[in-house]
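> here is a sequence together with a model predicted from it:
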Amino acid sequence: MNRIFSGVQPTGNLHLGNYLGAIRNWVRLQNDFECLFCVVDMHAITIWQNPKELSASIREVTAGLIAAGLDPEKNIMFNQSQVSGHAELAWIFNCVARLGWLNRMTQFKEKAGKHRENASVGLYAYPNLMAADILLYKATHVPVGEDQKQHLELTRDIAQKFNHDTGTSFFPDVEPLIFDTAARIMSLRDGNNKMSKSDTSDMTRINMTDDADMIAKKIRKARTDPEPLPATLKEFEGRAEAENLMGIYAALSDMTLDEVCAKFGGGQFSTFKKDLADLAVNVLDPIQTRMRELMDDQASIDAVLRDGAERARAMSAPILKEIHEILGFVRP
Ligand code: AMP
Ligand code: TRP
């Protein structure tokens, strides 16, 4: 039986990259699989978070997931810190993963930057907690954007080493589910950098909470080049910004990039940008309206998180118990 687990950090706003690269795919998977969707607040604190903003963000991201179409009854939706098994299994995986493996993680290098010695130990061990998130439920498939691929390879390494060291086949092989379109949405200001919550400039991303005027403004000001729009995929060579904007159009309209090239190739960016802004507003507006309604009813968001955590605890309890037995922990 396939089981799906995925997570999103409650740090700042959900943006178009999260929606197109991850959340929209989760919505499509929920009918065919047993799914857990987790707001990973313990991952968030690997970098300092203002507590009030963190609470608000946990609720806002939950509202965003529901507004985007995830059904909290059909799926298990919860915030990570409510289920202590994540922290417990992460510690066990700290003892399974090797320093050499973590040293290769590019996300740590990017996030720690020049001040590596000053990064938290949590930021370094972040992928072990991610492996624990997934394996605590013996999930088999993980839908994510491309940036998470390396972390999922590490998850597989951890599962295999645990199985090998304990002489079991306890943990399953975990498969990433990375969808081709929109696996990597880039910054509106630099086609070689991914759109990210942590970028200091808000003009680099379209937030799920941006209103129509703001979306239009950000797209109007998005970086482009002076040439007309490419008419074939070959013409994207050296034109990362054009590829990104036309890729966003393709993802939002469910067209292929080829079709978008056929439609707009040879035209001017100014005309294309108007169409792209209209399309983005059309797709995002109903989600935003629903999100605002949900945000006005904090009690119901909290009820979703409470119920999800209860179901997650029940699902993970027998798996954790077996892990204790395998490791030789005494639970008299
Ligand atoms: P995060 O915001 O880092 O917690 O990411 C949540 C999900 O969104 C993960 O599955 C990421 O891979 C995905 N994601 C984040 N940024 C992007 C992006 N720029 N393009 C595509 N997917 C993304
Ligand atoms: N590391 C992921 C990100 O930044 C979030 C995440 C945490 C996750 N735990 C996970 C994603 C488990 C998939 C499965 O996007």
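Yep, that arrived. Ligands and ions are numbered 1, 2, ... in the order given.

> going forward, measure contacts between C-alpha atoms and count neighbours the same way
Fine.

> now do the longest helix along the chain: which elements does it pack against?
Taking DSSP state H as the criterion, the chain has its longest helix at helix 298-327. On a contact count with 3 or more Cα pairs under 8 Å, 6 or more residues apart in numbering; DSSP states H and E, helix 298-327 meets helix 51-67, strand 76-79, helix 85-94, helix 269-295.

> looking at these, which is buried most?
strand 76-79 (a mean of 26; mean count of other Cα atoms under 10 Å).

> contact partners of that strand?
In this structure, residues lying in contact with strand 76-79 by Cα atoms under 8 Å, 6 or more residues apart in numbering are 35-41, 58, 62, 304-309, 311-312.

> who's residue 142 bridged to?
As for beta bridges, residue 142 partners with residue 176 under DSSP bridges.

> surely it meets residue 179?
No. Counting by Cα atoms under 8 Å, residue 142 stays clear of residue 179, with 11.1 Å between them.

> these two: who's more crowded?
Shown here are residue 142 and residue 179; by other Cα atoms under 10 Å, residue 142 has more neighbours (23 against 16).

> any figure for the gap between the more buried one and ligand 2?
Separation of residue 142 from ligand 2 (Cα to the nearest ligand atom, to the nearest Å) stands at 6 Å.

> could I get the contacting residues of that residue?
Listed by Cα under 8 Å, 6+ apart, the contact set of residue 142 reads 4, 5, 6, 134, 174, 175, 176, 177.

> distance from the one helix or strand the first one maps to to the middle of the chain?
The reference is to residue 4. Element membership for residue 4, per DSSP states H and E: strand 3-8. When C-alpha coordinates are averaged (Cα atoms, centre = their mean, to the nearest Å), strand 3-8 and its chain have centres 9 Å apart.

> what does the stretch 1-150 of the chain put close to ligand 1?
8, 9, 17, 18, 21, 22, 144, 145, 146, 147, 148 (Cα under 6 Å from any ligand atom).

> same thing but at 5 Å, please
By the rule Cα under 5 Å from any ligand atom, the part of the stretch 1-150 of the chain lying against ligand 1 is 8, 9, 17, 18, 21, 22, 144, 145.

> could you report the neighbour count for the nearest residue to residue 139 once chain neighbours are set aside?
Excluding the flanking residues, the one nearest residue 139 by Cα to Cα, 6 or more residues apart in numbering is residue 3, at 4.7 Å. Residue 3: 17 surrounding residues under other Cα under 10 Å.

> got a list of what residue 3 touches?
Residue 3 is in contact with 33, 34, 35, 138, 139, 140, 141, counting by Cα under 8 Å, 6+ apart.

> before we move on, what about residue 193?
Counting by Cα under 8 Å, 6+ apart, residue 193 touches 186, 187.
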